[in-house]
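K.L.:
pasting the structure only:
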């Protein structure tokens, strides 16, 4: 059986897996990559790997996702009050 490489992210929605550690990601985690690095990036990282690159703890990145969702940034999924 031939194994095909995972597709490279081309715009939104992004690749569902981290480019470094191959862990699955949500759309909001991919949007955070676009927001913090570059909108045209094809090297999408999970919060753990992105945190290492930016020298931030992953929980800070999760808080940023919540903040951008509450601010109604169109790159992220809509915020729903519980």
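P.N.:
Everything's here; your move. What you are looking at is a predicted structure, and each value in this text was computed from that prediction instead of being measured.
K.L.:
Now tell me what touches the top helix by length along the chain from outside.
P.N.:
Scanning the chain for the helix with the most residues, using DSSP state H, yields helix 58-70. Helix 58-70 has contacts (CB atoms under 8 Å, 6 or more residues apart in numbering) with 28-29, 31-32, 35-36, 47-48, 50-51, 75-79. The C-beta positions use only the backbone N, C-alpha and C, and glycine is treated the same way.
K.L.:
before we move on, what SS does residue 19 have?
P.N.:
Assigned by DSSP: H, G, I helix; E, B strand; the rest coil, the conformation of residue 19 is coil.
K.L.:
Let me know the pLDDT of it.
P.N.:
pLDDT recorded at residue 19 is 88.
K.L.:
measure the closest residue to it other than its chain neighbours to residue 67 for me?
P.N.:
Of all residues not flanking residue 19 in the chain, residue 43 sits nearest, at 4.9 Å (CB to CB, 6 or more residues apart in numbering). Separation of residue 43 from residue 67 (CB to CB, to the nearest Å) stands at 23 Å.
K.L.:
Mind checking which of the contacts of helix 58-70 are in helices?
P.N.:
Short answer: those in helices (DSSP H) are 28-29, 31-32, 35-36, 47-48, 50-51.
K.L.:
Which of these are buried? Put it as a ChimeraX command.
P.N.:
The buried residues among these can be selected in ChimeraX (16 or more other CB atoms under 10 Å) with this line:
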select :28,29,31,32,35,36,47,50,51
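K.L.:
ok, the ones in helices among the contacts of helix 58-70 vs residue 22, which is closest?
P.N.:
Using CB to CB, residue 48 is the member of these that sits closest to residue 22, with 11.9 Å.
K.L.:
Can you give me the pLDDT of the residue nearest the centre of the chain?
P.N.:
Residue closest to the mean C-alpha point of the chain, counted by CA atoms, centre = their mean, is residue 30 at 2.0 Å. Per-residue confidence at residue 30 stands at 89 (pLDDT).
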